[in-house]
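Undergrad: Pasting the sequence and the predicted model now:
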Amino acid sequence: GENVEQHPSTLSVQEGDSAVIKCTYSDSASNYFPWYKQELGKRPQLIIDIRSNVGEKKDQRIAVTLNKTAKHFSLHITETQPEDSAVYFCAASSNDYKLSFGAGTTVTVRA
Amino acid sequence: DAGITQSPRHKVTETGTPVTLRCHQTENHRYMYWYRQDPGHGLRLIHYSYGVKDTDKGEVSDGYSVSRSKTEDFLLTLESATSSQTSVYFCAIRPGQNTDTQYFGPGTRLTVL
């Protein structure tokens, strides 16, 4: 099955700086790559996703890039704010629509 | 919140007892999923359903069974709970056949003593 690895496991950034989280996947058939944000005690919430026919997607301060050849994708958060502090999960799925998740990255934005 | 509720939200039980968690959705979605979330593992798929009475196993299905007798309800049962099943359980829905995105319910925190 699909194996998704996520790095780093924790990330501390100064407010206003950028944060980057990287994920790799093993199944070349994977074609959908969502990112979820989870605040403490809450449900995971989709923040952005990308499909394999697109190399980059941006939504305000967040962007995702995909390198199919290398089988890795990354989440970029610019101009970080305290409300960006959360756990972020990457995931991947193929045409079976079964998501495989990374282990998560705890992001802390220091004021 | 995609019209998803989970019950109970918290439960403490003892080893060996049966436990049933309920996921309820109000928007007639065909596809429903059960995940468990544990530190260091992200979310892992337990079982999923692609319609009434149509279910299949996920990555970590041992010790769990599911049932879907109505479109709106997807039940997860631990026949004989073990301490290793202490976890947070999330239900998710996928809105359409050609839609990849999954939306999660609020979760159930289960503690097995």
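TA: Thanks, I have the structure now.
Undergrad: only C-alpha atoms for contact and neighbour calcs from this point on.
TA: Will do.
Undergrad: host element of the residue of chain B most remote from its centre?
TA: Here chain B reaches farthest from its C-alpha mean at residue B:98, the gap being 21.7 Å by Cα atoms, centre = their mean. Residue B:98 belongs to no helix or strand when assigned by DSSP states H and E.
Undergrad: so how far is chain A from it?
TA: Residue B:98 sits 9 Å away from chain A, going by Cα to the nearest Cα, to the nearest Å.
Undergrad: Same question for residue B:15.
TA: According to Cα to the nearest Cα, residue B:15 stands 25 Å off from chain A.
Undergrad: Then residue B:77?
TA: Remark: distance between residue B:77 and chain A (Cα to the nearest Cα) = 20 Å.
Undergrad: is that residue in a bridge, and if so with what?
TA: Per DSSP bridges, the residues bridged to residue B:77 are residue B:20, residue B:65.
Undergrad: State the pLDDT value of it.
TA: Residue-level confidence at residue B:77 comes out at 98, pLDDT.
Undergrad: what do you get for residue B:60?
TA: Residue B:60 is given a pLDDT of 95.
Undergrad: Name the SS class of it, please.
TA: coil (DSSP: H, G, I helix; E, B strand; the rest coil).
Undergrad: how many neighbours does the nearest residue to it once chain neighbours are set aside have?
TA: Distances taken as Cα to Cα, 6 or more residues apart in numbering or on different chains put residue B:46 closest to residue B:60, at 4.9 Å, once the chain neighbours are dropped. Counted with other Cα atoms under 10 Å in any protein chain shown, residues neighbouring residue B:46 total 24.
Undergrad: residues contacting residue B:46?
TA: The neighbourhood of residue B:46, defined by Cα atoms under 8 Å, 6 or more residues apart in numbering or on different chains, consists of B:33-36, B:57-61, B:64.
Undergrad: distance of the residue farthest from the centre of chain B from residue B:105?
TA: Taking Cα to Cα, to the nearest Å as the measure, residue B:98 falls 21 Å from residue B:105.
Undergrad: what does residue B:34 give?
TA: For residue B:34 relative to residue B:105 (Cα to Cα), the value is 10 Å.
Undergrad: Overlap in contacts, these two.
TA: By Cα under 8 Å, 6+ apart, residue B:34 and residue B:105 have these common neighbours: B:90-92.
Undergrad: of those residues, closest to residue A:69?
TA: Of all the shared contacts of residue B:34 and residue B:105, residue B:92 has the smallest distance to residue A:69: 30.3 Å, by Cα to Cα.
Undergrad: and the residue nearest to that closest one when sequence neighbours are not counted, how many residues sit next to it?
TA: Leaving aside its sequence neighbours, residue B:92 sits nearest to residue B:104 (Cα to Cα, 6+ apart; 4.2 Å). Neighbours of residue B:104 under the rule other Cα under 10 Å: 25.
Undergrad: Thought residue B:90 was touching residue B:104, still the case?
TA: Yes: counting by Cα atoms under 8 Å, residue B:104 does reach residue B:90; the two are 6.5 Å apart.
Undergrad: ok, residue B:26 - contacts?
TA: Residue B:26 sits in contact with B:3-4, B:72, where contact means Cα under 8 Å, 6+ apart.
Undergrad: now swap in residue A:10 and tell me
TA: Counting by Cα under 8 Å, 6+ apart, the residues that residue A:10 touches are A:105-108.
Undergrad: could you redo the residues you listed as a markdown table and give each row distance to chain B?
TA: Listed next are the contacts of residue A:10 as a markdown table, based on distance: Cα to the nearest Cα, whole Å:
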| residue | distance to chain B |
| --- | --- |
| A:105 | 9 |
| A:106 | 11 |
| A:107 | 15 |
| A:108 | 17 |
